[in-house]
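Trainee: Just to be clear, the model below is a prediction. Sequence and coordinates:
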Amino acid sequence: MIRLGVNVDHVATVRQARRANEPDPVAAAVLATLGGADGITVHLREDRRHIQDRDVYVLRETVTTRLNLEMATADEILAIALKVKPDEATLVPEKRQELTTEGGLDVAGNAATVRPAVGRLKAAGIHVSLFIDPDPGQADASRAAGADAVEFQTASYSEAVGADAVGRELEKLRAATAHAVGLGLHVHMGHGLNYWNVQPVVRIAGVEELNIGHSIVSRAVLVGMERAVREMKAAMTEHYPLVKKPAT
Ligand code: PXP
């Protein structure tokens, strides 16, 4: 069974809208776990727009499954990661103006910064994953940088319009996964996955983990976190009668 990492950043986004104490991403993580999440994912951005340092430290104490810290290779964030020691660190590119992570990390073009960051995290016993485009060359560079895993960005797949374009993006994900598995890398996927587009990704041989945030938290606002996660776990299986795609 493929693991589901639930990204609770958006819960912190609501809290930060008022610089208040609620809703607490830590509470959301507990409920997500009760709903069947196999891990909790948070992105400690340099601009601290949603997740705060306190969240990461408290989650380290309270997450009973796996804590995955998404992060840039900035020295300050790296120092926090080395202190917190998440089960996994996922290195992502970060731009201040972006709404969310846009595109994968250019590992091939940034080996000089990525490689030492991977080395320091691994030396601390942290499993390291690199968020990259579904491109065999980036998988090769990730292997060379010493990563344990790659997370292929599924934004291009989830934003594709029309059966042909969707099929092409799925084929890229499939080929990149086969290539990465051949290199001995673990394969994760994430970005833009939702209740309606997740199944074809689940069926790609070799995928071990999905990281999903926006669609789960959006549903959780209406039906509660525990139910939203349970429904995503069901959507990841072959038979899922609960969710109907809205008419377009
Ligand atoms: N994986 C990575 C590396 C991400 O940066 C994000 C967004 O924070 C996700 C997965 C989750 O994407 P979404 O919120 O679109 O499900």
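Mentor: Received the coordinates, thanks.
Trainee: how much space is there between Ser158 and Val166?
Mentor: 9 Å (Cβ to Cβ, to the nearest Å). In this view, the C-beta of every residue, glycine as well, is placed from N, C-alpha and C.
Trainee: Of those two, which one has the most company?
Mentor: Ser158 (20 against 16; other Cβ atoms under 10 Å).
Trainee: these two touch, right, the more buried one and Asn194?
Mentor: Yes: counting by Cβ atoms under 8 Å, Ser158 touches Asn194, with 7.1 Å between them.
Trainee: Please name the nearest non-neighbouring residue to the spatially most central residue of the chain.
Mentor: The residue lying closest to the centre of the chain (Cα atoms, centre = their mean) is Asn211, at 3.6 Å. Leaving aside its chain neighbours, Asn211 sits nearest to Gly190 (3.6 Å; criterion: Cβ to Cβ, 6 or more residues apart in numbering).
Trainee: For the longest helix anywhere in the chain, name the packing helices and strands.
Mentor: Ranked by residue count, the top helix of the chain under DSSP state H comes out as helix 163-182. Using 3 or more Cβ pairs under 8 Å, 6 or more residues apart in numbering; DSSP states H and E, the elements in contact with helix 163-182 are helix 136-144, strand 149-153, helix 155-159, strand 186-190, helix 198-202.
Trainee: Single out the most deeply packed of the ones you listed.
Mentor: Ranked by mean neighbour count, those are led by strand 149-153 with a mean of 27 (mean count of other Cβ atoms under 10 Å).
Trainee: what lines up beside that one in the sheet?
Mentor: strand 127-132 (parallel), strand 186-190 (parallel) (DSSP bridges).
Trainee: could you give the mean pLDDT of the first one?
Mentor: On average, the pLDDT along strand 127-132 is 98.
Trainee: Determine the angle, from 0 to 180 degrees, between that strand and helix 136-144.
Mentor: Angle of strand 127-132 versus helix 136-144, following axes from the mean of the first three to the mean of the last three Cα atoms, to 10 degrees, is 160 degrees.
Trainee: could I have strand 127-132 exported to CSV, CA atoms only?
Mentor: Output in CSV follows, covering the C-alpha atoms of strand 127-132 (Å, rounded to 0.1, in the frame of the first residue of the first chain):
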residue,chain,number,x,y,z
HIS,A,127,16.3,10.3,5.0
VAL,A,128,16.7,12.7,2.1
SER,A,129,14.3,13.2,-0.8
LEU,A,130,14.7,15.7,-3.6
PHE,A,131,11.6,17.3,-5.3
ILE,A,132,12.3,17.2,-9.0
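Trainee: so how far is that strand off the chain centroid?
Mentor: Mean C-alpha position of strand 127-132 versus that of the full chain (Cα atoms, centre = their mean, to the nearest Å) differs by 10 Å.
Trainee: can you check stretch 23-31 too?
Mentor: On Cα atoms, centre = their mean, the centre of stretch 23-31 falls 17 Å from that of its chain.
Trainee: Which positions within that stretch qualify as buried?
Mentor: For stretch 23-31, the neighbour count (16 or more other Cβ atoms under 10 Å) marks 23-26, 28-31 as buried.
Trainee: Dig out what the residue nearest to the centre of the chain forms beta bridges with.
Mentor: Gly5, Gly190.
Trainee: Now do it against the ligand, distance only.
Mentor: 4 Å (Cβ to the nearest ligand atom, to the nearest Å).
Trainee: looking at the helices and strands packed on helix 163-182, which is closest to the ligand?
Mentor: Checking the helices and strands packed on helix 163-182 against the ligand by Cβ to the nearest ligand atom gives strand 186-190 as the closest, at 3.0 Å.
Trainee: CA atoms only for that closest one, dumped as CSV, please.
Mentor: Listed next in CSV are the C-alpha coordinates belonging to strand 186-190 (Å, rounded to 0.1, in the frame of the first residue of the first chain):
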residue,chain,number,x,y,z
HIS,A,186,12.7,5.5,-3.6
VAL,A,187,10.0,7.3,-5.5
HIS,A,188,7.4,9.7,-4.1
MET,A,189,5.0,12.0,-5.9
GLY,A,190,3.2,15.2,-5.0
